[in-house]
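A.B. asks: This is the structure alone, sequence omitted:
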Ligand SMILES: [Zn+2]
């Protein structure tokens with residue numbers, strides 16, 4: 001894809017989310033924008049992409065863009081008292097249900113929760129995923145995080161971006177800032193006031209984690225959504241840090257500086 005074509009895509013996408021009506025060419029599905037983007041969201045565990053940018057995922061899919069959610073692990077270490085295979089099966093089903101709510105496609109890589117690795121082979125394996133998916137835009141964990149798996153997921157996405165010639169726009173999302181993400185200072189926001197309810201439903205699909213419970217974990221996400229909303233001037237927002245040095249100095253769909 002040429003730089004000009006990519007610029008057209010990002011510009012058009014921003015217009016779509018700002019409410020511009022764009023007629024679909026003859027033969028094109030009506031719910032697909034003329035320059036449909038491929039968006040990838042990389043998370044270490046089932047529920048990370050949902051909590052970090054579930055509202056944003058819904059905004060993209062609502063506009064007809066394709067979103068693939070890449071889970072580095074199946075969260076097999078995340079249910080106390082359950083062996084890895086049982087926990088993996090439960091959490092794979094939960095993540096699949098969450099993705100159905102967000103109208104995204106899940107893809108599971110086969111690293112192990114709590115034991116994720118980063119080495120030359122892991123980098124190479126992740127490059128192959130990028131080659132297959134060919135995203136225009138990628139969201140991944142902010143790298144300064146108390147959870148080792150989150151840091152590794154972030155570095156895999158960054159390394160592929162760097163080594164493959166910066167082929168996609170890269171943004172970092174936060175999870176449980178303060179407890180997990182550290183030193184996170186947003187450069188961009190997406191208004192999720194219209195999709196926050198579905199974000200909560202997607203998080204609720206992770207019943208084994210209590211992720212949709214307002215009295216529990218979702219209470220933290222709810223506070224973050226509201227706080228970022230105050231910063232962005234809307235009810236609920238998700239916040240991001242943009243990776244610099246992307247070839248196009250244009251913000252992607254729905255993101256404002
Ligand atoms: Zn996680």
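C.D. replies: Everything's here; your move. This is a predicted model, so every value here is computed, not measured.

A.B. asks: Model confidence score at the nearest residue to residue 101 once chain neighbours are set aside, please.
C.D. replies: Excluding the flanking residues, the one nearest residue 101 by Cβ to Cβ, 6 or more residues apart in numbering is residue 202, at 4.5 Å. (C-beta placed from N, C-alpha, C; glycine too.) Note on residue 202: pLDDT of 96.

A.B. asks: Also residue 213?
C.D. replies: 75.

A.B. asks: on that earlier part again, tell me how far the residue nearest to residue 101 lies from residue 161.
C.D. replies: 26 Å (Cβ to Cβ, to the nearest Å).

A.B. asks: Between these two, tell me which one has more neighbours.
C.D. replies: residue 202 (30 against 21; other Cβ atoms under 10 Å).

A.B. asks: Quick check, the more buried one in contact with residue 98.
C.D. replies: Yes - with contacts counted by Cβ atoms under 8 Å, residue 202 reaches residue 98, the gap being 4.2 Å.

A.B. asks: tell me the phi and psi of the residue in the stretch 1-150 of the chain that the ion sits nearest to?
C.D. replies: Using Cβ to the ion, the closest approach of the stretch 1-150 of the chain to the ion is made by residue 45 at 3.8 Å. With angles defined as degrees, to the nearest 10, residue 45 sits at phi -130, psi 160.

A.B. asks: who's in contact with it?
C.D. replies: 71-73, 75, 78, 91, 113, 149 (Cβ atoms under 8 Å, 6 or more residues apart in numbering).

A.B. asks: Does the residue nearest to residue 101 belong to a helix, a strand or coil?
C.D. replies: helix (DSSP: H, G, I helix; E, B strand; the rest coil).

A.B. asks: In contact with residue 147, which residues?
C.D. replies: Contacts of residue 147 by Cβ under 8 Å, 6+ apart are 44, 180.

A.B. asks: Okay, and which of the contacts of residue 45 map to helices?
C.D. replies: 91, 149 (DSSP state H).

A.B. asks: Just send the contacts of residue 45 back as TSV, with neighbour count too.
C.D. replies: As requested, the contacts of residue 45 are arranged in TSV below (neighbours: other Cβ atoms under 10 Å):
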residue	neighbour count
71	26
72	28
73	26
75	30
78	21
91	28
113	22
149	23
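
A.B. asks: which among the contacts of residue 45 gets closest to residue 36?
C.D. replies: If you rank the contacts of residue 45 by distance to residue 36 using Cβ to Cβ, residue 71 comes first, at 23.0 Å.

A.B. asks: What residue, apart from its backbone neighbours, is nearest that closest one spatially?
C.D. replies: residue 108 (5.1 Å).

A.B. asks: and that neighbour, what helix or strand is that in?
C.D. replies: strand 105-111 (DSSP states H and E).
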